[in-house]
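> Predicted model, plus sequence, below.
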Amino acid sequence: MEAASSVRLRIVVGVSGATGVVLGLRLLEVLKEMGVETHAVLTRAAEKILEAEHGSSRKDLERLASRIYDVDDLFAPIASGSFRTDGMVVAPCSMKTLAGIVHGYSDNLLLRAADVTLKERRRLVLVVRETPLSVVHLRNMLAAAEMGAVVLPPTLAFYHRPRSVEDLVDFVVGRVLDALGLEHSLYKKWG
């Protein structure tokens, strides 16, 4: 009997128009290092913020993702539940994107991919970015959690004694990997 080959993980990564696009970039970088197949989509606002905050462009994401799609390409494989994935992360997840996900307003590929992830009962991790939070934001986060999404604000921790912004980013990305059930060594675990 022939041994089964190892199955390569496939994760969709959405990057929406909120501050903190470095989280999506670093996540794609780490997943690439781990050998995970990634399918990325970023909004037009995310492209502008990527340039403003990080001095990067869509081309930088293209080098990190296994495949990248245009936000308006509703014929992309990730728009269909028949395209098997192991989950999706939206990092960062703007409040506009959160509202679209929660209310099934799938007018672009990022929102449609998240909709598919939920309807297929796959893991959806939302790295929500806003502060302070309004009642609308909180209600939408609650609704997302009730639908099965993991709501993961990029909350800072200091027990691992971070020495740089990169250490703080790695902590958040590590928590995303934890939510996906993936082993990593991005930060020292508690205890």
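Right, received. Where do you want to start?
> What are the buried residues along stretch 104-118?
Using 16 or more other C-beta atoms under 10 Å as the test for burial, stretch 104-118 gives S106, N108, L109, L110, L111, R112, A113, A114, D115, V116, T117, L118. Using the backbone N, CA and C atoms, a C-beta is placed for each residue, glycine as well.
> likewise stretch 159-176?
H160, P162, L168, V169, D170, F171, V172, V173, G174, R175, V176.
> what's the closest of these to G55?
V169 (15.5 Å; C-beta to C-beta).
> Which pair of the buried residues of stretch 159-176 spans the longest distance?
P162 and V176 (16.4 Å).
> can you count the residues close to the closest residue to E183 other than its chain neighbours?
Of all residues not flanking E183 in the chain, L177 sits nearest, at 7.8 Å (C-beta to C-beta, 6 or more residues apart in numbering). Number of residues near L177 (other C-beta atoms under 10 Å) recorded here: 21.
> Same check on L182?
Neighbour number of L182 under other C-beta under 10 Å is 17.
> so it touches M34, yeah?
Yes - under the criterion of C-beta atoms under 8 Å, L182 makes contact with M34 at 6.9 Å.
> between the two, what contacts are shared?
Listed contacts common to L182 and M34 are L9; contacts here mean C-beta atoms under 8 Å, 6 or more residues apart in numbering.
> pLDDT below threshold where in this structure?
Confidence mapping of the chain against pLDDT under 70 gives the ranges 1-7.
> mind listing the helices for it?
In the chain, the segments counted as helices under DSSP state H are 21-33, 44-49, 58-64, 95-102, 109-119, 135-146, 165-180.
> Redo those helices as TSV? Include distance to G81.
TSV is the format used below for these (distance: least, C-beta to C-beta, whole Å):
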stretch	distance to G81
helix 21-33	22
helix 44-49	24
helix 58-64	24
helix 95-102	16
helix 109-119	5
helix 135-146	19
helix 165-180	19
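> Next, find the distance separating R123 from L9.
11 Å (C-beta to C-beta, to the nearest Å).
> Touching both of those two, which residues are there?
D86.
> follow-up on the earlier one: for the buried residues of stretch 104-118, which one is nearest F83?
V116 (8.0 Å).
> residue contacts, the closest one?
So V116 contacts I78, A79, S80, G81, F83 (C-beta under 8 Å, 6+ apart).
> if we go to 6 Å?
G81 (C-beta atoms under 6 Å, 6 or more residues apart in numbering).
> Tally up the residues packed near Y187, please.
20.
> can I assume it is in contact with V173?
No - Y187 is not in contact with V173 according to C-beta atoms under 6 Å; the separation is 9.0 Å.
> and E29, how many neighbours does it have?
17.
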